[in-house]
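Visitor: any chance you could fold what I've pasted below:
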Amino acid sequence: MAVQKRLQKGSKWNSVDSDGDGVVSDAEITTRQALVDLENRDKKEDQLRQMAWVAMASMVALTVMLFTPIISADRLAAMDNILSMFYIAQAGVVASFFGSSAYMSRSSAV
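Guide: Numbering: from 1, shown residues only. Presented below is the predicted three-dimensional model:
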């Protein structure tokens, strides 16, 4: 029978020792790793959601700005190709967010 190593006082692994017996088991390490993975996945999803909202808001803000007299018609004609690429790129960000969200929810339900 192998002797188990006891944790030292102030060890960084004390937070992993869920039952407080001073020994970190494989199950406790696996549980901690699963929790960290879950937190990281949640943070990633939050960042993706923020990117999609910023992309949608920028498209709406640009559209509103284009219909105000701030930008002249001559400048709009000159910026036509750039504006088209901007809308396509932002719509791509939004579409990829919704597509990946739908895919992830479908694959996690299975």
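Visitor: helix or strand for P69, which one?
Guide: When elements are assigned from DSSP states H and E, P69 belongs to no helix and no strand.
Visitor: which residues touch it?
Guide: When contacts are counted by Cβ atoms under 8 Å, 6 or more residues apart in numbering, P69 touches no other residue. All C-beta atoms are positioned from the backbone trio N, CA, C, and that covers glycine.
Visitor: what's the distance between it and R75?
Guide: Taken as Cβ to Cβ, to the nearest Å, the spacing of P69 relative to R75 amounts to 11 Å.
Visitor: overlap in contacts of the two?
Guide: Common contacts of P69 and R75 (Cβ under 8 Å, 6+ apart): none found.
Visitor: I'd like the next helix or strand past the longest helix along the chain.
Guide: Assignment by DSSP state H gives helix 26-66 as the longest helix of the chain. Towards the C-terminus, the helix or strand next in line after helix 26-66, according to DSSP H and E, is helix 73-78.
Visitor: pLDDT of that following helix, averaged?
Guide: For helix 73-78, mean pLDDT is 89.
Visitor: neighbouring contacts of that helix?
Guide: By Cβ under 8 Å, 6+ apart, the surrounding residues in contact with helix 73-78 are L66, L83.
Visitor: just the buried positions in that helix, please.
Guide: Within helix 73-78, no residue qualifies as buried by neighbour count (16 or more other Cβ atoms under 10 Å).
Visitor: got the CA coordinates for that helix in PDB?
Guide: As requested, the backbone C-alpha atoms of helix 73-78 are provided in PDB (Å, rounded to 0.1, in the frame of the first residue of the first chain):
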ATOM      1  CA  ALA A  73     -23.500  61.700 -51.200                       C
ATOM      2  CA  ASP A  74     -20.200  62.100 -53.100                       C
ATOM      3  CA  ARG A  75     -18.400  60.500 -50.200                       C
ATOM      4  CA  LEU A  76     -20.900  57.700 -50.000                       C
ATOM      5  CA  ALA A  77     -20.400  56.900 -53.700                       C
ATOM      6  CA  ALA A  78     -16.600  56.800 -53.100                       C
END
